[in-house]
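Undergrad: Please work out how this folds:
(one chain, ligands or ions: 2)
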Amino acid sequence: QVPLKPGRSLMDWIRLTKSGKDLTGLKGRLVEVTEDELSKHNKKEDCWICIRGFVYNVTPYMEYHPGGEDELMRAAGTDGTDLFDQVHRWVNYESMLKECLVGRMAVKPIAASKANILMTLLFAGVLPEKKVLASSAKDLSPRIHNKILVILSKLLILSLVFKSSNYDWFQTDSLITIVIYTKQKDMNAELVTVDCQDKQLRGEIIMDDHSYLVEVDLECAVSEDVAVNIAEKVGKVEIILNKKDNIHWKRLGQPCEGHNTFIKRTDRGLFYRKCKLVSKTEVTHDTKLFCLMLPKGTHLRVPTGQHVYLKQVIAGTEVVKPYTPVLPFLPLDFQEPPHHDAVHIYLMIKIYSHGLFTQALDHLQIGDYISVSNPEGSFKKSQVQTSEDLLLLAGGTGFTPMVKLLNFALTEVSCLRTVKLIFFNKTEDDILWRNQLEQLALKDERFEVQFILSQPSKEWIGKQGKISSSLLSEFVKRSRRDSKVLICICGPAPFTEQGVQYLKDLGYSQEEIHAFTA
Ligand code: FAD
Ligand code: NAP
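TA: Ligands and ions are numbered 1, 2, ... in the order given. Got it, this is the predicted structure:
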């Protein structure tokens with residue numbers, strides 16, 4: 001993020017888009033844009049960018065872009081889809097930039113749709129590759145043809161990898177069971193998300209960096225209860241639905257667009273379901289714990305270290321922000337097996353007095369609904385499972401990913417000898433769950449917490465300062481000279497960036513550091 005000029009916040013942008021001002025310079029006309037034409041609009045004062053086939057005039061948006069003008073200019077006059085997906089594919093650009101829409105890229109619609117159909121047929125194993133290539137070659141331009149060749153070869157590799165891990169379904173009088181053979185040994189409930197509402201079934205399975213989807217408009221009605229059974233060792237996933245009426249189904253239903261596809265996770269659009277706000281409790285003067293309830297037909301578990309996106313319509317524009325689910329409290333008794341609440345999502349959120357999203361969140365009433373996405377994030381539990389020392393560096397709400405991580409580490413990782421949280425805040429009043437953390441440190445001798453304040457009162461007798469090389473060298477240590485260490489860091493972006501640099505300067509390797517970022 002770069003500092004934005006006054007009057008250039010997201011809310012100011014939304015206001016501008018609603019003002020009726022002609023933001024494209026085309027007086028409301030939509031045009032078909034050739035690649036040649038697109039490339040001409042590559043200057044700050046005349047900048048067009050293509051995202052997923054749609055072209056936007058982003059010149060009016062330049063000063064409002066939280067990542068800065070230079071970042072936006074990297075895609076000037078080109079197809080910025082890949083860049084956009086790398087940086088923030090979750091940002092709802094369709095809604096944010098709708099008044100900047102210039103038009104579509106000029107691609108022969110027949111060629112594009114035919115290519116899609118052919119690729120789907122190839123992927124489904126209906127058509128052999130040669131046939132697809134032969135028929136696609138006939139009526140496609142050489143450029144598109146070449147592009148398709150590349151995509152086809154990628155798809156072919158994928159379909160080989162995933163060849164027999166397809167789905168099957170069967171029924172009894174009262175049940176429909178959909179079985180997916182992933183052939184993935186470490187399959188678990190966190191990798192499966194199912195949503196079943198109003199005859200719409202969507203089941204997504206994450207396999208490394210790929211996603212498999214079952215998405216069907218069901219033949220007949222089912223009740224809201226959905227069960228997900230997983231045979232972890234063989235990677236079999238069962239989705240069990242209860243028929244509303246005991247009638248025989250002739251087929252599972254009508255396949256939806258992405259049904260039975262296995263694609264890169266980042267190429268799958270984010271899916272949202274509406275969750276009910278069931279409680280909102282104060283954590284500190286500005287931070288609240290929001291408890292959201294998943295719909296009955298949803299199976300969703302957010303893995304340790306991952307986040308979800310919340311979506312709200314603010315002044316007519318869809319706005320999306322990431323949040324990291326926590327536990328309702330820090331469990332103190334690690335003798336008990338961990339309790340998985342599969343129905344609620346707890347979010348610890350700081351309400352900023354000028355924050356666009358958090359102000360709207362704070363105005364939600366108990367019983368109101370908010371859209372919550374599937375989980376995302378790059379953190380892997382296996383990073384902790386082989387560590388002997390775990391060091392957690394948190395700044396403000398950067399504490400949130402540490403909550404589940406702490407619980408996981410102290411409950412399930414037997415080789416860990418020390419777990420230390422170094423928690424940076426401005427003042428004592430800002431420390432999240434201070435009491436619980438101190439209790440935990442008393443209870444579990446492996447765990448230690450260190451609070452460091454950047455703006456303490458005179459009464460503070462603890463450590464003070466900002467993240468620095470000297471503070472880190474004082475607190476970040478291996479318990480033995482050669483012990484295996486994992487250092488996780490999360491907080492304001494500059495805090496995290498500086499922290500990572502200091503750790504590297506202190507001799508820690510890239511593999512020993514995990515930074516939580518967007
Ligand atoms: P904004 O409108 O973005 O403003 C926040 C504050 O910054 C305001 O004071 C505003 O005036 C100022 N500001 C914003 N942009 C600029 C700018 N460019 N220049 C100068 N000042 C600016 N937060 C949590 O509380 N809990 C979580 O669990 C959590 N998890 C996250 C997980 C991830 C992966 C990431 C990336 C972020 C997470 N966040 C979390 C932060 C969260 O996504 C939002 O950024 C935060 O809630 C602020 O949103 P907002 O729209 O209310 O504030
Ligand atoms: P905050 O209260 O403003 O700051 C927490 C501590 O970090 C304070 O001691 C503060 O010191 C210090 N700090 C702030 N900016 C710094 C900088 N530029 N360099 C060094 N130290 C700095 O924090 P917050 O408002 O809770 O914000 C938390 C941040 O964490 C948000 O930006 C949020 O997006 C991020 N977050 C990320 C994730 C993720 O997974 N990526 C998850 C949760 C939260 P001073 O301000 O006194 O200098």
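Undergrad: so what's the residue of the stretch 301-450 of the chain found nearest ligand 2 up against?
TA: Relative to ligand 2, the nearest point of the stretch 301-450 of the chain is residue 396 (2.1 Å; Cβ to the nearest ligand atom). Every C-beta, even on glycine, is put in place using the N, C-alpha and C of the backbone. Listed by Cβ atoms under 8 Å, 6 or more residues apart in numbering, the contact set of residue 396 reads 350, 424-426, 430, 491-492.
Undergrad: Now it: phi and psi?
TA: The phi/psi pair for residue 396 (degrees, to the nearest 10) reads phi 60, psi -130.
Undergrad: And it, how close does it get to residue 467?
TA: 12 Å (Cβ to Cβ, to the nearest Å).
Undergrad: and for the two, which residues touch both?
TA: Counting by Cβ under 8 Å, 6+ apart, the residues touching both residue 396 and residue 467 are 424, 491.
Undergrad: near ligand 1, which residues of the stretch 351-500 of the chain?
TA: With Cβ under 6 Å from any ligand atom as the criterion, the stretch 351-500 of the chain meets ligand 1 at residues 352, 354-358, 397, 400.
Undergrad: Could you do the stretch 201-350 of the chain as well?
TA: So far as Cβ under 6 Å from any ligand atom goes, the stretch 201-350 of the chain lies against ligand 1 at 307, 321-324, 347-350.
Undergrad: at 5 Å instead, please
TA: For the stretch 201-350 of the chain, the residues in contact with ligand 1 (Cβ under 5 Å from any ligand atom) are 307, 321-324, 349-350.
Undergrad: Kindly present these as TSV, with separate columns for neighbour count.
TA: Formatted as TSV, these follow (neighbours: other Cβ atoms under 10 Å):
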residue	neighbour count
307	23
321	19
322	16
323	22
324	26
349	24
350	16
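Undergrad: now these as a markdown table including distance to ligand 2, secondary structure and pLDDT?
TA: Listed next are those as a markdown table, based on distance: Cβ to the nearest ligand atom, whole Å; DSSP: H, G, I helix; E, B strand; the rest coil; pLDDT from 0 to 100:
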| residue | distance to ligand 2 | secondary structure | pLDDT |
| --- | --- | --- | --- |
| 307 | 6 | strand | 97 |
| 321 | 9 | strand | 96 |
| 322 | 7 | strand | 96 |
| 323 | 7 | strand | 98 |
| 324 | 5 | coil | 98 |
| 349 | 9 | strand | 98 |
| 350 | 5 | strand | 98 |
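Undergrad: Among those residues, which one lies nearest to residue 5?
TA: Closest approach between those and residue 5, by Cβ to Cβ: residue 321, at 21.6 Å.
Undergrad: contacting residues for the closest one?
TA: 309-310, 357.
Undergrad: Neighbour-wise, which one of the residues you listed leads?
TA: residue 310 (24 neighbours; other Cβ atoms under 10 Å).
Undergrad: Pairing partners for that residue in the sheet, please.
TA: Beta bridges link residue 310 to residue 321, residue 372 when assigned by DSSP bridges.
Undergrad: where's it relative to residue 87, distance?
TA: 19 Å.
Undergrad: what does residue 223 give?
TA: 42 Å.
Undergrad: Let's have the contacts of residue 396 in JSON lines, adding secondary structure.
TA: JSON lines is the format used below for the contacts of residue 396 (DSSP: H, G, I helix; E, B strand; the rest coil):
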{"residue": "350", "secondary structure": "strand"}
{"residue": "424", "secondary structure": "strand"}
{"residue": "425", "secondary structure": "strand"}
{"residue": "426", "secondary structure": "coil"}
{"residue": "430", "secondary structure": "helix"}
{"residue": "491", "secondary structure": "coil"}
{"residue": "492", "secondary structure": "coil"}
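Undergrad: Save those residues as CSV, and put in distance to residue 268 too.
TA: CSV is the format used below for the contacts of residue 396 (distance: Cβ to Cβ, whole Å):
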residue, distance to residue 268
350, 30
424, 36
425, 37
426, 39
430, 37
491, 29
492, 30
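Undergrad: Closest to ligand 1 out of these?
TA: Out of these, the member with the shortest distance to ligand 1 (by Cβ to the nearest ligand atom) is residue 350, at 4.0 Å.
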